[in-house]
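J.: this one's structure only:
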């Protein structure tokens, strides 16, 4: 069974940085599109970034452009989300999602795999 495992979350001060990782357990993970989402308490799940299977196509939510960078290392079956200049409003559980068809956009219902999430807490 294909699994996604996120890691890298934690408690950081505003202005700090984190790098989140999403590791896929299937050998063909390099053919999957991957998206990162986040969900803050009391709010809906929000798309933040997506990357195509090759890494050549990337999309970001307007709210994170310039601070978030998504990239992948297919040799390691891992997709990363680099978050810089963290703000308290970035506090959320961050999830990665993958789609075997290669989809990497902002519609969560179009993904067929989800990780368990990693908590990011930003203190002011």
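T.: Noted; the coordinates are in hand. Only a predicted model underlies this, so the values are computations on that prediction, with no experimental measurement involved.
J.: could you look up the SS state of the residue most central in space within the chain?
T.: Centroid check for the chain by CA atoms, centre = their mean gives residue 36 as the closest residue, at 2.7 Å. Under DSSP: H, G, I helix; E, B strand; the rest coil, residue 36 falls in the strand class.
J.: now do the contacts for it.
T.: The contact partners of residue 36, by CB atoms under 8 Å, 6 or more residues apart in numbering, come to 20, 22, 47-50, 68, 70, 79, 81, 94-97. No exception for glycine: its C-beta is placed from N, CA and C like everyone else's.
J.: these: which two are farthest apart?
T.: Farthest pair in these (CB to CB) is 68 and 97. Separation: 15.6 Å.
J.: more neighbours: which of these two?
T.: The neighbour comparison of residue 68 against residue 97 (other CB atoms under 10 Å) goes to residue 97, with 24 against 19.
J.: state the distance from that one to residue 108.
T.: Counting by CB to CB, to the nearest Å, the separation of residue 97 from residue 108 is 7 Å.
J.: sweet, I'm off.
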